[in-house]
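Q: My questions concern the predicted model and sequence given below.
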Amino acid sequence: MSKVKFIYLNQREVIECGGLDMVKTIEDVELVFKLHNEGKTILPAKVALRWGDIHSEETRGRINAMPGYVGDKIDIAGIKWIASAPQNPFKYGLPRASAIIILNDPYKGIPVCIMDGTVISAMRTGAVTGVAVKYLARKDSEVVGLIGAGTQNKTQLMALKTVLKELKEIKVYDLIQERSEKFAEEAYEEMQIDVVAVNSAEEAVRGSDVVVTATTSSTPLVKSKWVEKGMLIVNVGGYESEFDVLKKADKIVVDDWYQVKHRATQTTAIMFNEGELKDDDIYANLGAIVSGDKPGRERDEELIFFNPVGMAAEDIIVAHRIFQTAKKEGKGVALELWNIPQWV
């Protein structure tokens, strides 16, 4: 049979098929960390397409190509094509990030599904922090400080709420106060969580058990003098913490050290490239901890720094679950790639 069709899922259909289910997304991501540690994923380095003045505040942004394969029982290949345009929310009333994900049959190579990847990308990024918090935060963590009031910290908060059973206080800081206040309002409306908008990064950090930075900042926001023993610092964005924060850390954990170094935009990679951090200073990839090859948090007083760069396998495993649900529920539109191929 020569006819080839694939399913197309728009964002609404992705959501209807479990795209906003943080519990399942954390389960997906935890599994993919285990598979990655076992060598059952294939992850070429990201390809970043940039144009314009990348150092200007008015930069038009970038588009990343993130291919990958997830083996074992998942057995699916795919790619995320994700654009980041920092001026979108302010100039055009659009989300900063937009993405599509393509899944391919690993034997025939043909596409089986093309779907919106914007929600999936945001959800899996939050879920990565959820997995890290499960293994690296103190079990009695009650206070969270968020720096950045964009979409990324919305899904960070969803994951934190899912994993931290003793969560009592959440603070958020953004350079634009109105964004912090809007974030707090929306968090209550959407998640029934009380969030306090604070006036400085210092307020967000001091006294917190878990600190999450998810910004587009190119200068450090977290100061060494603010951090304390027992904290977990999660560096989701770029250059967000002073080098001395990492020098104080008892453990530095990443999602994949090779990928972090290749991207070269985050605090750990910048330190490495400036000779301030060595390969041996990285305690572990998170997958080694999830798999039990290395312990996570061993003492309440440990200061742990976690730096994920994001791996395509996370997007692909979540997209695979959504694709399977769509097939069961008859969601999406079947589109023809070809009826009879031009050449065989």
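A: Perfect, I can see it now.

Q: so who does the most centrally placed residue in the chain touch?
A: Most central in the chain under C-alpha atoms, centre = their mean is residue 125, positioned 1.9 Å from the mean C-alpha point. Neighbour list for residue 125: 152, 155-156, 214, 236, 308, 310 [criterion: C-beta atoms under 8 Å, 6 or more residues apart in numbering]. Any C-beta I mention is one placed from the backbone N, CA and C, and that applies to glycine too.

Q: May I ask which helix or strand encompasses it?
A: Using DSSP states H and E, the element containing residue 125 is helix 118-136.

Q: for residue 171, same thing?
A: Using DSSP H and E, the element containing residue 171 is strand 169-173.

Q: what's the answer for residue 162, then?
A: helix 151-163.

Q: before we move on, the earlier item: now the contacts of residue 125 in CSV, with pLDDT and distance to residue 60?
A: Output for these, formatted as CSV (pLDDT from 0 to 100; distance: C-beta to C-beta, whole Å):
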residue, pLDDT, distance to residue 60
152, 88, 19
155, 96, 24
156, 96, 26
214, 94, 21
236, 96, 22
308, 97, 25
310, 95, 21
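
Q: ranking these by neighbours, who comes first?
A: Within those, neighbour counts (other C-beta atoms under 10 Å) peak at residue 156, which reaches 28 neighbours.

Q: got a list of contacts for stretch 237-247?
A: If you take C-beta under 8 Å, 6+ apart as the criterion, stretch 237-247 is touched by 147-148, 152, 213-224, 227, 233, 235, 252, 265-268, 270-271, 276-277, 305.

Q: From the residues you listed, list just the buried residues.
A: Buried members of the contacts of stretch 237-247, scored by 16 or more other C-beta atoms under 10 Å, are 147-148, 152, 213-217, 220-222, 227, 233, 235, 252, 266-268, 270-271, 277, 305.

Q: Restricted to helices, list the contacts of stretch 237-247.
A: Judged by DSSP state H, the contacts of stretch 237-247 include 152, 267-268, 270-271 as members of helices.

Q: Okay, now the unreliable bits of this protein?
A: For the chain, the stretches with pLDDT under 70 are 1, 52-59.

Q: Quick one: the helices in it, in order.
A: Counting by DSSP H, the helices of the chain are 11-14, 22-37, 118-136, 151-163, 177-191, 201-205, 243-248, 257-263, 267-273, 286-290, 312-329.

Q: Figure out how far the second one is from the centre of its chain.
A: Using C-alpha atoms, centre = their mean, to the nearest Å, we find the averaged C-alpha position of helix 22-37 to lie 12 Å away from the chain's own average C-alpha position.

Q: Make 208 the starting number, not 1.
A: Okay, residue one is now 208; in that scheme the one you just asked about reads as helix 229-244.

Q: Can you mark which positions in that helix are buried?
A: Taking 16+ other C-beta under 10 Å as the criterion, helix 229-244 shows 229, 231-244 as buried.

Q: wait, doesn't residue 330 sit right on residue 522?
A: No. Counting by C-beta atoms under 8 Å, residue 330 does not reach residue 522; the two are 9.5 Å apart.

Q: Give me the distance from stretch 401-412 to the chain's centre.
A: Centroid separation for stretch 401-412 versus its chain: 22 Å, with C-alpha atoms, centre = their mean.

Q: same deal with stretch 495-509?
A: On C-alpha atoms, centre = their mean, the centre of stretch 495-509 falls 20 Å from that of its chain.

Q: Need the contact partners of stretch 386-405.
A: For stretch 386-405, the external contacting residues (C-beta under 8 Å, 6+ apart) are 353, 356-357, 360-361, 364-365, 368, 376-381, 384, 411.

Q: Give the buried residues for that stretch.
A: Buried positions in stretch 386-405, judged by neighbour count with 16+ other C-beta under 10 Å: 386-387, 390-391, 394, 400, 402, 404-405.
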